[in-house]
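A.B. asks: structure for this input, please:
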Amino acid sequence: MQKQFAQKLLKWYDAHHRALPWRRAPKSMAALDPYHVMVSEAMLQQTQVNTVIPYFQRFLAEFPTLGILAAADEQDVLRSWQGLGYYSRARNLRAAAQQIVARGSFPSTVDELLKLPGIGRYTAGAIASIAFEQRAPILDGNVMRVLCRLDRIEADPREKIANEKLWARAKDILPGKRCGDFNSALMELGATLCTPRNPRCDECPVKEFCAARAAGVEESLPRRREVKASPVEHRITFCIERRGMFLIEQRPMTGRWAAMWQFITVPANGTATDLVPNGCTCLKKLGQVRHVLTHRRYVFDVYSCNMNGNGKPHDDRARRWVKLSELARYPLSRPQLRIAEMLQNRR
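C.D. replies: Alright, predicted model coming up:
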């Protein structure tokens with residue numbers, strides 16, 4: 001069964017795979033740069049393929065080699081990642097590049113790859129199999145869905161016992177050759193045909209092996225978790241202007257949006273009038289920005305105000321006066337980019 005399953009899946013993949021910039025053509029003997037695989041896998045975590053493609057291309061244009069990324073300033077790396085979200089991925093990618101350069105060679109096994117910052121079990125398996133043809137399984141959301149339907153696994157796939165069962169199954173069905181293409185094919189199947197809703201079972205190359213389809217329960221698997229309401233965090237952002245320049249500050253070196261820049265932003269523990277920085281006048285509300293993350297929602301109430309005289313930031317190392325045209329030099333989170341757009345559109 002496993003041999004036939006692999007043959008049919010690979011045949012389908014050879015004919016129907018999407019041409020993505022980090023992939024080589026199926027059956028190609030051309031070497032695949034593991035650095036490209038590592039960058040793409042980092043970007044694809046929690047992010048859709050169509051969103052990643054232009055970021056991947058721009059990132060490699062700016063950091064074309066592992067050595068260049070390792071030597072790059074963190075602020076430049078964050079700015080290149082700007083808008084993609086989950087910025088710890090960018091910092092971990094740079095740190096991993098530094099470790100690989102210091103090591104002298106790119107690690108090729110799962111155990112070695114797991115020692116790198118930001119590399120988990122799935123990413124290690126993807127790099128090892130796709131870049132080095134190691135017989136290493138993978139289990140991302142797409143593969144998890146395919147396997148749950150294939151074996152009609154009705155337990156929550158995120159629970160430990162079910163998850164380990166899926167990892168074992170992913171390894172069990174791996175063929176002896178073309179491991180990278182096979183893993184890519186599993187992901188491709190989940191992304192294009194074996195979708196969360198309205199799966200295109202009639203077009204599936206391995207439908208005869210699918211226990212969920214045989215039982216008519218394919219759309220109910222994997223079992224969905226109960227969605228809990230995400231907590232909401234309220235912030236007030238002050239766009240402080242003085243002589244055509246705006247005050248920005250760098251966020252702490254740890255935590256969400258670490259080391260990135262923002263307009264002066266504080267928790268909404270009072271009204272804007274109560275919290276506006278000293279020396280600011282002409283307070284005016286510009287609007288509101290909402291930002292949704294996987295487990296948290298943010299609401300930013302945005303105000304403009306003026307600072308007269310020669311008032312200086314409290315900490316010149318962490319705050320700077322800049323023109324709107326100079327913001328491109330600083331990595332900003334998506335909410336802060338939208339606030340900058342508000343200011344641009346106001347003019």
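
A.B. asks: tell me how many other residues crowd residue 1.
C.D. replies: 8 (other C-beta atoms under 10 Å). (C-beta placed from N, C-alpha, C; glycine too.)

A.B. asks: which residues does it contact?
C.D. replies: Counting by C-beta atoms under 8 Å, 6 or more residues apart in numbering, residue 1 touches residue 209.

A.B. asks: distance of it from residue 233?
C.D. replies: Applying C-beta to C-beta, to the nearest Å, the value for residue 1 to residue 233 is 50 Å.

A.B. asks: over to residue 242?
C.D. replies: For residue 242, the distance to residue 233 - C-beta to C-beta - is 28 Å.

A.B. asks: low-confidence ranges, the chain, go.
C.D. replies: For the chain, the stretches flagged by pLDDT under 70 are 25-31, 309-317, 347.

A.B. asks: what residues sit buried inside stretch 165-183?
C.D. replies: By neighbour count on 16 or more other C-beta atoms under 10 Å, the buried set for stretch 165-183 is 165-167, 169-170, 173-175, 178-183.

A.B. asks: equivalent analysis for stretch 142-159, please.
C.D. replies: Using 16+ other C-beta under 10 Å as the test for burial, stretch 142-159 gives 142, 143, 144, 145, 146, 147, 148, 149, 150, 151, 153, 157.

A.B. asks: with only the CA atoms kept, save the helix or strand encompassing residue 188 in CSV.
C.D. replies: Using DSSP states H and E, residue 188 maps to helix 179-192. Only the C-alpha atoms of helix 179-192 are listed here, as CSV (Å, rounded to 0.1, in the frame of the first residue of the first chain):
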residue,chain,number,x,y,z
CYS,A,179,11.9,12.0,0.2
GLY,A,180,12.0,15.7,-0.3
ASP,A,181,9.6,15.6,-3.3
PHE,A,182,7.3,13.2,-1.4
ASN,A,183,7.1,15.6,1.6
SER,A,184,6.5,18.5,-0.7
ALA,A,185,3.8,16.5,-2.4
LEU,A,186,2.0,15.8,0.9
MET,A,187,2.0,19.5,1.7
GLU,A,188,0.9,20.3,-1.9
LEU,A,189,-2.0,17.9,-1.6
GLY,A,190,-3.2,19.5,1.6
ALA,A,191,-2.8,23.0,0.3
THR,A,192,-4.6,22.5,-3.1
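
A.B. asks: quick check: residue 34 touching residue 129?
C.D. replies: No: here residue 34 does not reach residue 129: they are 11.1 Å apart, not a contact under C-beta atoms under 8 Å.

A.B. asks: and the two? which has more neighbours close in?
C.D. replies: A side-by-side neighbour count of residue 34 and residue 129, using other C-beta under 10 Å, places residue 129 first with 24 against 19.
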